[in-house]
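Novice: what follows is a predicted structure for the sequence shown.
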Amino acid sequence: MNRKTLLVSAGLLAIAGGLVTAPVASATAPPPTLRVGPSTVLAGQTVKFSAYCAGNASEVTSPGLAAPVSLSKGFGYGRAGARPGHYTASFTCSGSGGPVGNGTATAEFAVVCSVPTTKPTTPTSTPTTPQESTTSAPPTSTTEPTTTAETRCVTATSPARPRR
């Protein structure tokens, strides 16, 4: 019996050794993802980001955001900036245990200005021919240039204008 026990023990040891030294399938994490909602926001409005990262996620950054957005448990909230346009937000994932799971994820969003609350007035009559100037001096402007809606929006965080 000792011989049988010895053979069985040796066989089990060989099988167990084969299992321990067998190559393990490499575990790779899925690539990082980033989603933004809503995809079109008013200037100064809250923007929600949802992200997936199997490792360490950086902050979400974009020129269209008022400040970088920190992610907590895959979610983060921030404010849209004051300049209208189309932007790309991104974050970097590192330490996920594989080259596929590391990298940068992006999402696109747009910042728009609010619609004016008053309707523009239309002229009651339009001249049919342009009037020629009788002076030889070039026209001059006495007012400062104003900021247009194409470059910056008025947001809720901007100083309030005095009421008239």
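Specialist: Received the coordinates, thanks.

Novice: pLDDT score for Leu6?
Specialist: As predicted, Leu6 sits at a pLDDT of 52.

Novice: please apply the same query to Thr28.
Specialist: So, for Thr28, pLDDT stands at 80.

Novice: kindly report the same for Cys153.
Specialist: At Cys153, pLDDT is 72.

Novice: which parts of this structure are helices?
Specialist: 2-21 (DSSP state H).

Novice: mind jotting down where the strands sit in it?
Specialist: 33-37, 40-42, 46-52, 56-57, 75-79, 85-94, 103-112 (DSSP state E).

Novice: alpha carbons only: can I get stretch 65-77 in CSV?
Specialist: Extracted in CSV, the C-alpha atoms of stretch 65-77 (Å, rounded to 0.1, in the frame of the first residue of the first chain):
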residue,chain,number,x,y,z
LEU,A,65,-15.7,74.2,-19.1
ALA,A,66,-15.4,76.9,-16.4
ALA,A,67,-13.1,74.6,-14.4
PRO,A,68,-11.8,71.0,-14.5
VAL,A,69,-14.4,68.4,-13.3
SER,A,70,-13.4,65.8,-10.7
LEU,A,71,-14.9,62.3,-11.1
SER,A,72,-16.2,60.4,-8.1
LYS,A,73,-17.4,56.8,-8.6
GLY,A,74,-17.5,57.5,-12.4
PHE,A,75,-19.6,60.7,-12.2
GLY,A,76,-18.8,64.4,-12.1
TYR,A,77,-20.6,67.7,-12.4
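
Novice: low-confidence ranges, this structure, go.
Specialist: Along the chain, the parts satisfying pLDDT under 70 run over 1-27, 114-151, 154-164.

Novice: pretty sure Ala57 sits against Gly95.
Specialist: No - using C-beta atoms under 8 Å, Ala57 makes no contact with Gly95, being 9.7 Å away. For every residue, glycine as well, the C-beta is placed using N, CA and C.

Novice: neighbour count: those two, which is higher?
Specialist: Set side by side, Ala57 and Gly95 show more neighbours around Ala57, with 23 against 12, by other C-beta atoms under 10 Å.

Novice: tell me the contacts of that one?
Specialist: Contacts of Ala57 were listed using C-beta atoms under 8 Å, 6 or more residues apart in numbering, and they are Pro32, Ala51, Leu71, Phe91, Thr92, Cys93.
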